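Undergrad: Predicted model and sequence follow; I will ask about them next.
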Amino acid sequence: MIGWIRYLGRSGLHFFERLGRGSIFFFNVLMGLPFLFFRFRLVIQQLYVVGVLSLLIIIVSGLFVGMVLGLQGYNTLVDFGAEESLGVMVALSLVRELGPVVSALLFAGRAGSALTAEIGLMKATEQLSGMEMMAVDPMSRVVAPRFLAGVISMPLLAAIFSAIGVMGGYFVGVGLLGVDTGAFWSQMQAKISWSDDILNGVIKSVVFGVVATWIAVFEGYDAIPTSEGVSRATTRTVVHTSLAILGVDFVLTALMFE
Amino acid sequence: MIQTRIVEIWVGLFIAGGIAALFVLAMKVSNISTFSKVEGYELTARFENVGGLKKTAPVTMAGVRIGRVGDITFDSTTYEAIVHLNIEKQYDKLPTDTTAGIFTAGLLGEQYVSLEAGGEEKYLANQDEIKITQSALVLEQVIGQFLFSKASEGGSSNGN
């Protein structure tokens, strides 16, 4: 019994310790951001690694998610004779939920794990300590550009995901299943509002970008500097980011769409 | 050096693509293009019952959208709803005896305001009121009336 309570206490302490270290780390990263005004090239380099290299998987998944939504939505809506609403259904689900959430999950798998592994290995091979020895702050030189690149990439990737998904839904709905083109677009435009749906989706993806990149760079920076430690940190990044995104998404949805 | 150039070009394309996607979502998917504040004038109409009419619902004439519903307010002295209609500028030749009705698009669709032109030679101007209106059809009331008339019909035939 005592052992069980002790275990609970230890994991609680461990959790809060990590949370505290993570918050201090987050604060330090924010402090490192002004440095990037003078070295924006570093951010561009990371935008390429984090954003451009994630494009392919985002585009392909967006296209297929949109096409599947078109197919499934059509099969349901046609029973009610409401297949003209297909456009609304596809676009609303993409813009509000699937675009930000699925692209954030893919981002965690594609870019977040790479960030953790990279920073973790830098730590394991003592590159970070080497930088400190040369009076270069690894926080602003290594971590901050990656963080900023992730936060910038996420909303752009989510927007691309949603736009491509709508095109996929259009392709299946109008091209293959014969929904009327005019009704598809006009119903969509009538029902979807710029400020309520699309801007809220963008806000969501910015928040996801902060959460996902924060977890990724923190796990890398906090990893035990062995090959096993780095591999564990990479796994933790993907699992924790996915859980955090789903949880944050629920809270944001509850706040935004009453 | 060539390496950095390619990286920069790709990043430029990525950012441009992301912004273009957002632009597509704004213009093609959302209502921002139709919702932008159009130049026009405002008319008011009083209804006994607006049913499920909402802000930004279309105002049509002969089935063509000529404006949108602005505010819907309640007049506490006459217990009527006041609907403000924003009509686009180019449709400025509505006769003063135009009538307004609230209809439903399809059986379960959205409600909209339909205007029907009268024969007067004077035209409605900004802030004028449409005098003749027809309230929204509330489905429950119609069904209730129908059942009531059926019942009374059945009762009279039994009596004979």
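TA: That came through, no problem. Residues are numbered from 1 along each chain as shown, chains lettered A, B, ... in the order given.
Undergrad: Please report the distance of the residue of the stretch 101-250 of chain A found nearest chain B from B:Phe14.
TA: Nearest residue of the stretch 101-250 of chain A to chain B, counting by CB to the nearest CB: A:Leu156, 2.7 Å away. All C-beta atoms are positioned from the backbone trio N, CA, C, and that covers glycine. Applying CB to CB, to the nearest Å, the value for A:Leu156 to B:Phe14 is 7 Å.
Undergrad: which one of these two has more residues nearby?
TA: A:Leu156 (26 against 23; other CB atoms under 10 Å in any protein chain shown).
Undergrad: Let me know whether that one touches B:Gly18 as I believe.
TA: Yes: the pair A:Leu156 and B:Gly18 qualifies as a contact (CB atoms under 8 Å) at a distance of 2.7 Å.
Undergrad: Show me what from chain B comes close to chain A.
TA: B:4, B:7-8, B:10-11, B:13-15, B:17-22, B:24-26, B:28-35, B:110 (CB under 8 Å from any CB of the partner chain).
Undergrad: helix/strand/coil for the residue nearest in space to the middle of chain A?
TA: By CA atoms, centre = their mean, chain A has its centre lying nearest to A:Ala104, at 2.4 Å. Assigned by DSSP: H, G, I helix; E, B strand; the rest coil, the conformation of A:Ala104 is helix.
Undergrad: got the contact list for it?
TA: A:Ala104 sits next to A:154, A:158, A:205, A:208-209, A:212, A:241, A:245 when contact means CB atoms under 8 Å, 6 or more residues apart in numbering or on different chains.
Undergrad: can you rerun that using 7 Å?
TA: When contacts are counted by CB atoms under 7 Å, 6 or more residues apart in numbering or on different chains, A:Ala104 touches A:154, A:205, A:208, A:212, A:245.
Undergrad: go on, A:Ser113?
TA: So A:Ser113 contacts A:234, A:237-238 (CB under 7 Å, 6+ apart).
Undergrad: how far out from the middle of the chain is the helix or strand it falls within?
TA: Assigned by DSSP states H and E, A:Ser113 falls within helix A:113-124. Put simply, helix A:113-124 sits 18 Å off its chain's centre (CA atoms, centre = their mean, to the nearest Å).
Undergrad: Past the least confident helix or strand in chain B by mean pLDDT, which element shows up next along the chain?
TA: Lowest on mean pLDDT, DSSP states H and E among the helices and strands of chain B sits helix B:32-35, with a mean of 59. Note on helix B:32-35: by DSSP H and E, the next helix or strand toward the C-terminus is strand B:40-47.
Undergrad: Low-confidence regions, the chain specifically.
TA: You didn't say which chain, so I picked chain A. Chain A contains residues with pLDDT under 70 at A:258.
Undergrad: Not quite, go with chain B.
TA: Checking chain B against pLDDT under 70 turns up B:1-2, B:32-38, B:106-109, B:155-160.
Undergrad: residues touching the residue of chain B at minimum distance from chain A, list them.
TA: The minimum distance from chain B to chain A, using CB to the nearest CB, falls at B:Gly18 (2.7 Å). For B:Gly18, the contact set (CB under 7 Å, 6+ apart) comprises A:156, A:159-160.
Undergrad: For B:Ile130, grab phi and psi.
TA: With angles defined as degrees, to the nearest 10, B:Ile130 sits at phi -80, psi 120.
Undergrad: Look up how far A:Gly247 lies from it.
TA: Taken as CB to CB, the span from B:Ile130 to A:Gly247 is 52 Å.
Undergrad: Compare neighbour counts for those two and give me the winner.
TA: A direct count of neighbours by other CB under 10 Å for B:Ile130 and A:Gly247 places B:Ile130 higher, at 22 against 11.
Undergrad: Go ahead and confirm the more buried one touches B:Ala100.
TA: Yes: here B:Ile130 reaches B:Ala100: they are 4.7 Å apart, a contact under CB atoms under 7 Å.
Undergrad: intersection of neighbour lists for these two?
TA: The contact sets of B:Ile130 and B:Ala100 overlap at B:Ala45 (CB under 7 Å, 6+ apart).
Undergrad: Parallel or antiparallel, list what pairs with the helix or strand hosting B:Thr133.
TA: Assigned by DSSP H and E, B:Thr133 belongs to strand B:132-134. With DSSP bridges as the test, strand B:132-134 is paired with strand B:99-104 (parallel).
Undergrad: who does the helix or strand following the strand it pairs with touch, helix- and strand-wise?
TA: For strand B:99-104, the following helix or strand on the C-terminal side (DSSP H and E) is strand B:111-116. On a contact count with 3 or more CB pairs under 7 Å, 6 or more residues apart in numbering or on different chains; DSSP states H and E, strand B:111-116 meets strand B:58-61, strand B:99-104.
Undergrad: quick one on the thing from earlier: contacts for the strand holding B:Thr133 next, please.
TA: Counting by CB under 7 Å, 6+ apart, B:45-47, B:97, B:99-101 sit against strand B:132-134.
Undergrad: Just the buried ones from those, in ChimeraX syntax?
TA: Buried residues among the contacts of strand B:132-134 (16 or more other CB atoms under 10 Å in any protein chain shown), as a ChimeraX selection:
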select /B:45,46,47,99,100,101
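Undergrad: Would you indicate which residues of the longest helix along chain B are buried?
TA: Criterion DSSP state H: the longest helix present in chain B is helix B:2-24. Across helix B:2-24, burial judged by 16+ other CB under 10 Å covers B:7, B:10-11, B:14-15, B:17-18, B:21-22, B:24.
Undergrad: Then stretch A:59-78?
TA: So for stretch A:59-78, counting by 16+ other CB under 10 Å, buried means A:59, A:61-63, A:65-67, A:69-71, A:73-74, A:77.
Undergrad: Equivalent analysis for stretch A:241-253, please.
TA: Judged by neighbour count (16+ other CB under 10 Å), stretch A:241-253 contains these buried residues: A:241-242, A:244-245, A:248-249, A:252.
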